[in-house]
Structure formats: structure tokens, C-alpha cells
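*Asks:* below are the sequence and a predicted model for it; my questions follow.
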Amino acid sequence: KILAIIRHQPYRGGFEPAQDFPHHVTPKIVQGSIPKDLVGTLAINSAGRIRVGGRMLGHWFDGDGYMVTLSFDGKSNEARAFGRYVGTDRFKAQEEHDRNKNTTDDVNYEPPLAFSGAWTKAGTGKWYENIGKIPQSPANTAVMWLPPIDPSSHPRLFALCEGGHPIEVDPITLKVIGEERPFTSSPSALSVERMASFFSAHFSHDPQTQHIYNHGYVLDPISSASSINLMKLSPEGYLLQQQKSEIPYNTFIHDATISQNLYLYFVCPYVIPASVLDMAPFLIGREAMGKTMTWKGGPNSDENGTPLKSYLHAHSKDDLNLKWSIEMPDPTSVYHIVDAFEEQSTSGISDEMHLKVRIAELNSDPASDRKRLEEQFANQYAVPSGERIHAKLKEYTFLLDEGSGEGELISSKELYSSACEYPITNQIGRDRRLRHTWINALYDKSCNWFDAVQKVDMVDAALSSPMTSFGPGTYCGPPLFIPKECLMAATSNGEDEGYIVVVLYRSERH
């Protein structure tokens, strides 16, 4: 059955369960050569499986984390690769369950699940198997490198997921080191402080100060107010500051970014029930927590009543306090932010500035699109041909008044009309406005998954590069930018001087 589904849309084979590498491998270079100044290791993390046997997990974001390291040595023109599942408690519990039951990866057998996820119920999904079950982190979204504690040891590598705490793995073997735990303040501090929330997968690194900024979902069933936690970490990963901040309703904040002085994010009305009554289906095991989320942003919202607004929140990078909460005139549905930049206002008033924020926003009707997008994420094998939801690049300009503390949206415009997602930039410099982003794109418009990458000129879209595709039946993961400033041999600082790395899935060879 699954093979027939994959043959109908070959990209779906890329969602099939990955396998642990038995050992490090040396890939064959089939075209060109590795640049001589490209020396180092790249780590990638994503969902390695979204089904266990024939049992589908409830959402792409619930898939078990799988990490891959790619080590480049341009001097010898060699590369090494290794990959394995992140050994989370939930993954180990499922592996132990399957060994005890002597099961295999048989697509005709639906084994009970030994864990629950944010969108996935444990066991066989019966309500009595899920009463009181707390979703466990799959550690499946991103990675973060930190300097070594001991200068003679390797850098530290962490697997991240917004629904949990960082998990440290050995950068050579990719085996988990210790337990999932929050970052803390420095052990040398008078009193050690722990993070008061989860740690989102999309952190921001300030190239000027080397500080790390992030946010996290706050689990607080007692408080009637919804909030997130803002955090500033030292370059070594020690907690320097944290600040809880109220948000208008209970929701996940997936992505954020920094400008010269601000940490900012969009609050979108894809809402987690806040009251015990509304959470009852989850609490009594009838529904997974993620399945209780609803879009409440407009005429196509899941429920009747007054639609909720979207907001931009902008915090000071110095003390993490909220400086501006700006109501958007129309619902905004966004997963990924490109960048943000502050400019002096053209009015000449010293207290006024323009904040320009560029995002990958879902298409024109975000209410219906968001519901349909989440349905697609719930089963990547079942997205009808030609109906996958994508995003478009858009820029919002806000007027911020430091004196009065007031702010407003003054303009918005589409930067690039073609379907795209997963924008990446050269994040080395924040002292000037970036011009370029690299995106996943659709070369074959009939494809249901991205098959190309493209360099987009966000000032003049007509100057964007042609799409680069990789042949029929080949599909792309998100592009990754390695700036030359990070390489020992680098002497230049051009915004687009670096290397794009893309992981491909060749469906004909699987």
C-alpha cells in the first residue's frame, strides 16, 4: 500500500524511515571537487521517521529526530558522513518495545506506540492508554553548536525541538550524552538558575556580541495568562537572562529573529486551548494535545465568534522586556522569518525608526491555508497532487516611536511571488541590510515537493538567480548557507560569498 502511494508521488519516499549508519562512510564525489577552504563539520537534524511499522504518527513534527553529520576536508578533497536517530527516551522506549514484541518494520503491522507526542497518542490510540500522558520531545528540528568546555575537546552539539529541552549528543558518534535538560546559568554563579521554559529550535545568534537569543513555550496550567519565556545565553551556552512575557492567547511561537537592538516574533492565532474545559479531550485521553489546536484568525476560522488578531512583538535585546506589541490589520500565518532591520525614519524625528521584517508567509487566505497546511503535515503521504501549501516572501514595515512607545504597521509588499519555503541568509553581519536569501523552490510546477534552490534578490526580484534543479525525481531539503567568514582561509566579507549545501533525495534510487 505505501509503495503504491510512493510510486504515485515519488517525493514521498523521502519521508520513509531512515536507517542508522553502521559506521562513518566516505561518499564518492560524482561531480566537481570540494572547495579547498571548506574544512569542518555540518550537522543536520530532522524527522527520521513519521511512521512506526504501519502506524502513522500524528504529525510531521512528531517524527523521531535523526541527525546527520557531513565532514568536509577541501584540502584532501574528501568527505565523511554519518547518521543515526537521536536516542531520546521515547525512541529508546519504542525500540525496546519492538524488540520485546519481536516486531519488524512491517508496513502491514501497526505496533502500539511506547510514547506520546504532541500530535500522537500512545499505545493503539485508545483513550484509556492516554490519560495523563505528557507529550515527549522528539528532538527533531535543528541543531546548535557550542564551544567545548575543555579547549582540548570537541565542540558541543545539541539536538533541538520547540517542545522540549536541548539534548546533547556526541559530535562523533551522535550518541546522546546525559539527559534532556534545560540550560542553566554558569556553575560559578552564586545561585544557579535554570531555564523556566522549553527551548525553541529556532534560536538567533548575534554576530556582534556572540550572544544567543531564544524563546520557549511556558507550561503553566495554573496561570490564567498565556506567556512565553525570552532568554539570552552567553556564547558558551550559559543562561544570562530570562524574562516571561504575556502573549494575547495560548499558542506556539515557532520562529523569531533579531535586528540591531530587538528580538521579535509574530503571534499567530493558531491557538492551544487555555481552559481546563477546552483541554478536556486531551486530559482524558480522547485527543492528542496538538489536535486540540484551532485557527481563530478570520472568517474561515475553526469556531464562531470574534476572530483573534495577529501581532508583532518586539523586545529589547538588552533586558528582554517587551517594547512594542503591534496589532496586524489582517491575520498573519507564518512559520519562518527571513530577517529584520532597523532604519532611521524618513520623518527626521530622532525617536522614530522603521523596522522592516521579511517573512515566508502562507498564501493569500491564511485562515483556510493554515488548517489545510496542518492537515498536510499530519500525513505527508496523503497530500493530493498539486495541492501542497507553500509560502511567499513578504516584507512588513513598522513605524516605532521610542518616545511614546507606540508602533504601527505602515506598509507591506510582496517580495517574490513564486512558491517557496525555508529561507536562509548569511547571518554573519547584522550591521547592514541584507539583500539576498536562498530558498527552496519549485522548478517543475507539477511537483508536490521542492525540487530546486534559488538565490532571491529581495530588493529587486528580477535580479534573482535562475533556479538550480537536480534532475527529474530529485527533491531538496532546506538550503544551508556556510559563509566564508566562518572559514579559516576567508578574507572577504561579501554577503553572498560562501557555499550553499543542499541534501537531496533521489527517488529513482531511494
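*Replies:* Arrived safely.
*Asks:* make it CA atoms for all contacts and neighbour counts henceforth
*Replies:* Fine.
*Asks:* low-confidence ranges in this protein?
*Replies:* 102-106, 221-222, 299-305, 364-368, 429-431, 485-493 (pLDDT under 70).
*Asks:* longest single strand anywhere in it?
*Replies:* Among the elements of the chain assigned as strand by DSSP state E, the one spanning the most residues is strand 407-424.
*Asks:* quick one: the residue nearest to Arg156 when sequence neighbours are not counted and Gly216, what's the gap?
*Replies:* Excluding the flanking residues, the one nearest Arg156 by Cα to Cα, 6 or more residues apart in numbering is Leu146, at 5.0 Å. Look at Leu146 and Gly216: by Cα to Cα, to the nearest Å, they are 19 Å apart.
*Asks:* between those two, which one's more packed in?
*Replies:* Neighbours were counted for Leu146 and for Gly216 using other Cα atoms under 10 Å; Gly216 has more, 27 against 14.
*Asks:* if we can go back for a sec, who's in contact with the next helix or strand after the longest strand of the chain?
*Replies:* With elements assigned by DSSP states H and E, the helix or strand that comes after strand 407-424 is strand 436-441. Strand 436-441 is contacted from outside by 338, 418-426, 450-458, 467, 476-479, 495-496, using Cα atoms under 8 Å, 6 or more residues apart in numbering.
*Asks:* now, of those residues, which are buried?
*Replies:* Buried members of the contacts of strand 436-441, counted by 16 or more other Cα atoms under 10 Å: 338, 419-426, 450-458, 467, 476-479, 495-496.
*Asks:* just to revisit the earlier point, which residues touch the residue nearest to Arg156?
*Replies:* 155-157, 235-237.
*Asks:* ranges for the strands of the stretch 301-450 of the chain?
*Replies:* 311-316, 322-327, 334-344, 352-362, 391-401, 407-424, 436-441 (DSSP state E, counting those that start in this stretch).
*Asks:* any chance of these in a markdown table with distance to Tyr85 as columns?
*Replies:* Shown next, in a markdown table, are these (distance: least, Cα to Cα, whole Å):
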| stretch | distance to Tyr85 |
| --- | --- |
| strand 311-316 | 35 |
| strand 322-327 | 38 |
| strand 334-344 | 25 |
| strand 352-362 | 29 |
| strand 391-401 | 29 |
| strand 407-424 | 23 |
| strand 436-441 | 25 |
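*Asks:* out of those strands, which one sits most buried?
*Replies:* strand 436-441 (a mean of 24; mean count of other Cα atoms under 10 Å).
*Asks:* for the longest strand of the chain, packing partners?
*Replies:* strand 322-327, strand 334-344, strand 352-362, strand 391-401, strand 436-441 (3 or more Cα pairs under 8 Å, 6 or more residues apart in numbering; DSSP states H and E).
*Asks:* what lies in contact with that strand?
*Replies:* 324-328, 336-338, 360, 390-401, 437-442, 450, 456, 458-459, 461, 478-481.
*Asks:* that strand pairs with which strands?
*Replies:* strand 391-401 (antiparallel), strand 436-441 (antiparallel) (DSSP bridges).
*Asks:* hang on, isn't Ser185 packed against Lys232?
*Replies:* No - counting by Cα atoms under 8 Å, Ser185 sits too far from Lys232 to count as a contact (10.3 Å).
*Asks:* ok, Ala501 touching Leu480?
*Replies:* Just to correct that, residue 501 is Val rather than Ala. Yes - if you go by Cα under 8 Å, Val501 and Leu480 touch, sitting 5.1 Å apart.
*Asks:* looking at those two, which is more packed in?
*Replies:* Leu480 (20 against 13).
*Asks:* quick check: the more buried one vs Trp324, distance?
*Replies:* Applying Cα to Cα, the value for Leu480 to Trp324 is 32 Å.
*Asks:* do the same with Ala118
*Replies:* 31 Å.
*Asks:* what does Ala47 give?
*Replies:* Distance from Ala47 to Trp324, by Cα to Cα: 35 Å.
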